[in-house]
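Engineer: with the input below, show me the fold.
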Amino acid sequence: MKETFHSFEKPENITIVIDFEFLSIAPILRQFGYKTFDQRDLENGEHFSREEVIATLSKFLDDRISDGTIKNCYLLTEEQQNIRFKTKVEIDELKIINCTSNETESSVICTIMYETNTIFDLEEVEKRCTKCGEPFGVIEFPADIFRVVYIHYATQKGFFYKLKCEDNSPEILGKLEHENIVELYEQFMTYRIGETFAVTFNLGNEVMAELKYFDENGDEIEEKKKYKCNTRLFEKLGDKPFIRLCLGCFEFF
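Structural biologist: Numbers count the residues shown, from 1 in each chain. Have a look, this model is predicted:
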């Protein structure tokens, strides 16, 4: 019997337009290499009403019709929402992936893979940033430094008191400095990444970091970086020695 070979599409060539019920899966899809779009890509999108979400996603799909890339674009939504999008986007080429909000993430991902005819390299998944999806500029980042940064972030944002943990950041900082993992100066903590990069966090009254590095001409570049800290990531640290940090978009994951 003649063996049949299937032609698969690369996730990098596919855009998943994500409806409200499936927003939590967006970081995973980006790690797998898919491009994504959802309401949060617009200013204040996280506060959109249901009608605003439908209008936003429909406008994005209409734009893909205009630029001719709709064939690589899929809408992830629940089946009962199909008619609302089809009314807004009047085209037979609209590709819809129907899942239910109570499905597991693994089930939704398997459905997406099947409907888009895609496969991915598992070795590449962990290298990709959960925010920008890029594999470049992602480094291993000491979990203890993230603990200090998270506690500072939660304190400045006013929700640390809600967490079921103590502020042990002074002890962690002392240990990190003693082991020459970080450098401390006044309210600043610096972590050096080889001889090329250095990340400095302001542990004072700001939630701000600074990335310093040398470009190809040997000139020093300084970039101010705003960041957010994921509570779920903090709570699941356990005994992990490292997490990951994307130096491009400054996302911890």
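Engineer: going forward, measure contacts and count neighbours with C-alpha atoms only.
Structural biologist: OK.
Engineer: quick one: which helix or strand includes the nearest residue to Ile54 once chain neighbours are set aside?
Structural biologist: With C-alpha to C-alpha, 6 or more residues apart in numbering as the criterion, Ile54 has its nearest non-adjacent residue at 6.8 Å, and that residue is Phe85. For Phe85, the host element (DSSP states H and E) is helix 82-88.
Engineer: where's Val199 relative to Tyr191, distance?
Structural biologist: Distance from Val199 to Tyr191, counting by C-alpha to C-alpha, to the nearest Å: 5 Å.
Engineer: Lys228 now?
Structural biologist: Counting by C-alpha to C-alpha, the gap from Lys228 to Tyr191 is 18 Å.
Engineer: that older thread, residues in contact with the helix holding Phe85?
Structural biologist: If you take C-alpha atoms under 8 Å, 6 or more residues apart in numbering as the criterion, helix 82-88 is touched by Ile54, Ala55, Ser58, Leu94, Ile96.
Engineer: with secondary structure, neighbour count and pLDDT added, can I get those in a markdown table?
Structural biologist: Formatted as a markdown table, those follow (DSSP: H, G, I helix; E, B strand; the rest coil; neighbours: other C-alpha atoms under 10 Å; pLDDT from 0 to 100):
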| residue | secondary structure | neighbour count | pLDDT |
| --- | --- | --- | --- |
| Ile54 | helix | 19 | 93 |
| Ala55 | helix | 17 | 93 |
| Ser58 | helix | 21 | 91 |
| Leu94 | coil | 18 | 80 |
| Ile96 | strand | 20 | 92 |
